[in-house]
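**Student:** Pasting the sequence and the predicted model now:
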Number of protein chains: 2
Amino acid sequence: MKLSQIVVIGGGFGGLAAARALARERGEGGANFEITMIDRRNHHLFQPLLYQVATAALSPAEISFPIRSIFAGDPNVRVVLDEVTGFDLESREVVATIGRYKFDALIVAAGAGHSYFGHGEWEAFAPGLKTVDQATEIRRRILLAFEHAEMETDTEKQRSLMTFIVVGGGPTGVEIAGAIAEISRFTLERDFRRIDPSRTRVILIEAGSRLLATFDESLARQATRDLEKMGVQIWTSTRVSNITSDGVQLGQESVQARTVIWAAGVKPSGLGKLIADAAGGSIDSQGRVNVDAQLRVKASSLPIYVIGDLANATGADGQPLPGLAPVAMQAGRYVAKAIARLSRGQTTKDFEYNDKGQMATIGRRRAIVEAGPIKFSGYFAWLTWLVVHIYYLIGFKNRFMVFVQWAWAYLTFRRGARLIQEKSAC
Amino acid sequence: MKLSQIVVIGGGFGGLAAARALARERGEGGANFEITMIDRRNHHLFQPLLYQVATAALSPAEISFPIRSIFAGDPNVRVVLDEVTGFDLESREVVATIGRYKFDALIVAAGAGHSYFGHGEWEAFAPGLKTVDQATEIRRRILLAFEHAEMETDTEKQRSLMTFIVVGGGPTGVEIAGAIAEISRFTLERDFRRIDPSRTRVILIEAGSRLLATFDESLARQATRDLEKMGVQIWTSTRVSNITSDGVQLGQESVQARTVIWAAGVKPSGLGKLIADAAGGSIDSQGRVNVDAQLRVKASSLPIYVIGDLANATGADGQPLPGLAPVAMQAGRYVAKAIARLSRGQTTKDFEYNDKGQMATIGRRRAIVEAGPIKFSGYFAWLTWLVVHIYYLIGFKNRFMVFVQWAWAYLTFRRGARLIQEKSAC
């Protein structure tokens, strides 16, 4: 089967891994593939550290990397900054705002955004944390809240300004809540004259019965204790019924808060439905594309693969694969191999996810790590988290800068990027 | 004369120097001053390096520093994030959006923005470079221009996308033009497949007969040669008659350019006229406040000082003082002393500016330095520029991070912050 032109949509963990692997694979007769990497942004974003931008620990550029530079040394990879709008499978083309891109094989790794469970109007009051711009906006709101509290004379208004509500008790929610508590306790302590930042209320709201549902219960309990030690107030089994500029409604209860951060639902990219419809495939209830054991769109004859948060894939054990970076990266490399074998007329084994475990950081010197039977928390877990994240950061320099920032923050209790930018322009 | 409450408007070089010195001065009977530092932004911006943010070499946070942190150790300094709207000298109050601030002595250091010589409509097509947000917007435009050029098939449109016009041949204009040339020649060279970034046109337009009018002619000539070596096209004695989304009109000539950067006129803050009117003083043709030999608003009986770019002050030699950071910083320290002496009933000498010289960098390993009779350029001048700027950067960490960024950029020819953020939100 002749496959020379491969189009990859999305420069996230999955798409990047796929394109990088494909650039080195050989197709029919040892020929190189011609790879086109399409992303609507010019940079790959290291999402696991995005919460640190939102909490003023890192600068956006330190966790972003120009996709072009990543492929500068791969002449057979073409990077285009364009936004995909549809698919034309008759002519085997990806349709985008600026151009159309021909493919013999297609890899869709467009990822996911936030879901407000049908309450899109909440987004204005409770931004999510998926892009650099959302992160700098959240940073702006957190820092401004303290500034305004310092100026505020009405104590009730002041309390509302110093109340931060994080919705969603997954890793992201836990990490943001921990970081905000840390800022208010340590970083800003000496900077204010009239308010006492340590009076800050950080409330973490989770609809489920416990935090970190994907983690082992013992670790989740540990994380809960650690957060509480830092002063985070945890409300589990609590559903948000409404969010306004004043705060959050929780059934009969309500809390006044000027800053609300959304870390709850995830909504896969709309491209999922488009490719599923075009290829005669289907999507699941969440909007993810149902793929077969080889990560191909079910029912499609063309080699069309969907990976990462946009795919509903099942592991060898029959369990659905979680929406984690390692899953996306392994899937990317697998698909690259699969396409190469396909073009060489060889058969391919099914995708097997090698679970290396998961981890979350709670704050200064506290984290939890879970790898199969191995579970641990505390200082050593935090060091592990540190090493793993620095290791996976793309680009030596970013790695080094982040390390410097962290070392400095750890020693001085300060934050590296306490910058309020105008909302209007950037 | 009892002076206890001092209000400082503006956290730039002048205001910061004044407030820092005042925090350590003693007034009548050895009492501390109560200082209120008002700024509409939360950070001090190291403007001399702002062009490096605009050209993706540094991250905004690396040249910004939270004003609060600067005074964290000074209990007698209160920092407020507020925007001054007027002055009520009857009740000796500064009027701002959120509050009113009582003062016995006042220091106005609100600085200057850009002047489009009565063509405010040009700003949309040719942003200036005074704030972090303007810098990130310029960065966005420069990086997007190359991205779009890569996609563009029409060669004329492509040329317009790869044409960068910098208006204004002062230090800022020279530094931006040099940096853009550098990016196109070195940084992006390997990253693009279809365009040749080295075909970029960088045109530096100056109305005067030569670049860097404030520098010695021999150095200006050297800088011109250096820029030309880097491929910058220099058009002196050229006046801009109109700027549109398509490019620039120069009398009979016109050049198509998608990216135009304004580094020409400077317009002092509107607070200048307000304080002059309120205090019975006057402003000059540019809108700067006329101050006496002790930097006080002429004709005002109250101790009201204006320093930095907002002041029209004359040096001991009868020459007007230039709008440079060193002038503002020295004036700030002088005013702090003057207020202390005044409150202790002592007399004060007139302000004398100690000219330490000026410098500008042209690009990789090229700069010009002028200090009195001493003039030099080239590699050593560049090193001098490097050391001086790192030294003056506030905060050890920023200094260190910038050093790391520069070392890395120098060795790898890469840029540290090639990040395109959405225009809408940040």
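**Tutor:** Looks like it came in fine.

**Student:** Can you list the low-confidence ranges for the stretch 251-400 of chain A?
**Tutor:** Where the stretch 251-400 of chain A drops to pLDDT under 70, the residues are A:395-397.

**Student:** Repeat the analysis, applying 50 as the threshold.
**Tutor:** Counting by pLDDT under 50, the stretch 251-400 of chain A contains no low-confidence segment.

**Student:** What ranges does it have for its strands?
**Tutor:** A:253-256, A:259-262, A:265-268, A:289-290, A:304-306, A:311-312, A:358-363, A:366-371, A:374-377 (DSSP state E, counting those that start in this stretch).

**Student:** which of those strands is buried the deepest?
**Tutor:** Scoring the strands of the stretch 251-400 of chain A by mean neighbour count under mean count of other CB atoms under 10 Å in any protein chain shown gives strand A:304-306 as the most buried, with a mean of 30. All C-beta atoms are positioned from the backbone trio N, CA, C, and that covers glycine.

**Student:** circling back: relative to chain B, which of the strands of the stretch 251-400 of chain A is closest?
**Tutor:** strand A:259-262 (14.6 Å; CB to the nearest CB).

**Student:** who does that closest one pair up with?
**Tutor:** Applying DSSP bridges, strand A:259-262 is found paired with strand A:163-167 (parallel).

**Student:** For the strands of the stretch 251-400 of chain A, give me a markdown table that also has distance to residue A:20.
**Tutor:** Shown next, in a markdown table, are these (distance: least, CB to CB, whole Å):
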| stretch | distance to residue A:20 |
| --- | --- |
| strand A:253-256 | 46 |
| strand A:259-262 | 32 |
| strand A:265-268 | 23 |
| strand A:289-290 | 22 |
| strand A:304-306 | 15 |
| strand A:311-312 | 19 |
| strand A:358-363 | 23 |
| strand A:366-371 | 25 |
| strand A:374-377 | 29 |
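
**Student:** what's the closest of the ones you listed to residue A:11?
**Tutor:** Closest to residue A:11 of the strands of the stretch 251-400 of chain A, according to CB to CB: strand A:304-306, at 15.6 Å.

**Student:** Any idea how far that closest one is from the middle of the chain?
**Tutor:** 21 Å (CA atoms, centre = their mean, to the nearest Å).

**Student:** Stretch A:200-217 too?
**Tutor:** Centroid displacement of stretch A:200-217 relative to its chain, using CA atoms, centre = their mean, is 18 Å.

**Student:** and that stretch, what's its mean pLDDT?
**Tutor:** Model confidence over stretch A:200-217 averages 93 on the pLDDT scale.

**Student:** How about stretch A:77-90?
**Tutor:** Mean per-residue pLDDT for stretch A:77-90: 95.

**Student:** same check, this time on stretch A:13-22
**Tutor:** In the prediction, stretch A:13-22 has an average pLDDT of 96.

**Student:** Now do it: everything it contacts.
**Tutor:** For stretch A:13-22, the external contacting residues (CB atoms under 8 Å, 6 or more residues apart in numbering or on different chains) are A:6, A:8-9, A:33, A:35, A:37, A:39, A:44, A:47, A:67, A:70-71, A:74, A:77, A:107, A:109, A:111, A:307-308, A:325, A:328-333, A:335-337, A:339-340, A:394.

**Student:** What residues does the residue nearest the centre of chain A make contact with?
**Tutor:** In chain A, the centroid-proximal residue (CA atoms, centre = their mean) is residue A:47; its distance is 4.2 Å. By CB under 8 Å, 6+ apart, the contact list for residue A:47 reads A:12-13, A:130, A:325.

**Student:** and which of those residues is nearest to chain B?
**Tutor:** Relative to chain B, the closest of the contacts of residue A:47 is residue A:130; by CB to the nearest CB it sits at 12.3 Å.

**Student:** What parts of the stretch 151-300 of chain A come near chain B?
**Tutor:** Residues of the stretch 151-300 of chain A that fall close to chain B, judged by CB under 8 Å from any CB of the partner chain: A:151, A:188, A:190-193.

**Student:** Please check those residues and keep the buried ones.
**Tutor:** A:151, A:188, A:191-192 (16 or more other CB atoms under 10 Å in any protein chain shown).

**Student:** Which of the contacts of residue A:47 fall in helices?
**Tutor:** A:13, A:325 (DSSP state H).

**Student:** picking up where we left off before, next, give me the two most distant ones among the residues of the stretch 151-300 of chain A next to chain B.
**Tutor:** Pairwise across these, and taking CB to CB, the largest span is found between A:151 and A:190, at 18.2 Å.
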